[in-house]
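Chemist: Quick one, what's the 3D model for this:
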Amino acid sequence: VALEELVHTCDPIDTLTVVGGLGAIDMVADEGFLKLVAGLSERAGRTTAVCTGSLVLAAAGLLDGFAATTHWAVSDFLAANEAIEVDPENAEALFFLGSLAADRGRLSVAEPLLRRALARRPLEAAFHAALGNALSRAARHEEALASYRSALALQPGLVQLQLNVGHALGLFAGSGTSTP
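Modeler: Predicted structure coming up:
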């Protein structure tokens, strides 16, 4: 049964199964969705998950006190989340999670994580570059260019950064605006 159908019924639920996949990682940050899952779980005789669906159950607080497994490919994601729980300003974990969110097109999640990582480690070229990539994906090219330039100032020999700067400058040339 689809989630939308469950929300609009008061019928008890025999088994609630949260399926996994790449979208499950995105849902971990969606407080509204997590509350919905927790509410549905209260109506269920049992709640289960498949693959990375266990990440959703954990984020909704439904696995507290239970052992659980998930797909091996998200072990870095779990380690980063655990590192942030221990130290909310863990620069490497913030960088990893910010980069992951940016790769999924979630700038509203990625940008604050990457900026927090940069506040902790402002001399890390990779952090500046990742913020530049996220901003570029959001068509915020002037800000992306500034981030790329900061990264290049820290590591001038990085060819990929030079290419990113060239790409950003090309976007300005094509847009008809003056190059910053």
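
Chemist: helix or strand for the residue lying closest to residue 78 once chain neighbours are set aside, which one?
Modeler: Taking C-beta to C-beta, 6 or more residues apart in numbering as the measure, residue 78 lies nearest to residue 70, with 7.2 Å between them; neighbours along the chain are not counted. Bear in mind the C-beta positions are built from the backbone N, C-alpha and C, glycine included. Using DSSP states H and E, residue 70 falls within no helix or strand.

Chemist: wait, isn't residue 70 in contact with residue 51?
Modeler: Yes - taking contact to mean C-beta atoms under 8 Å, the distance of 6.6 Å between residue 70 and residue 51 places them in contact.

Chemist: shared neighbours of the two, anything?
Modeler: Residues touching both residue 70 and residue 51 by C-beta atoms under 8 Å, 6 or more residues apart in numbering: residue 20.

Chemist: Poorly predicted segments of this protein, please.
Modeler: Along the chain, segments meeting pLDDT under 70 span 1-7, 72-73, 75-76, 79-86, 161, 168, 171-180.

Chemist: ranges for the strands of it?
Modeler: Counting by DSSP state E, the chain has strands at residues 13-18, 44-49.

Chemist: quick one on the thing from earlier: between residue 70 and residue 51, tell me which one has more neighbours.
Modeler: Using other C-beta atoms under 10 Å, the more surrounded residue of residue 70 and residue 51 is residue 70, with 20 against 16.

Chemist: Please give me every residue in contact with the more buried one.
Modeler: Neighbouring residues of residue 70 by C-beta under 8 Å, 6+ apart: 20, 51, 52, 54, 55, 78.

Chemist: Throw those residues into JSON lines and include distance to residue 38, thanks.
Modeler: Written out in JSON lines, the entries for the contacts of residue 70 read as follows (distance: C-beta to C-beta, whole Å):
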{"residue": "20", "distance to residue 38": "18"}
{"residue": "51", "distance to residue 38": "20"}
{"residue": "52", "distance to residue 38": "18"}
{"residue": "54", "distance to residue 38": "14"}
{"residue": "55", "distance to residue 38": "14"}
{"residue": "78", "distance to residue 38": "20"}
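
Chemist: Return the subset of those lying in helices.
Modeler: Cross-referencing the contacts of residue 70 with the helices (criterion: DSSP state H) gives 54, 55, 78 as the overlap.
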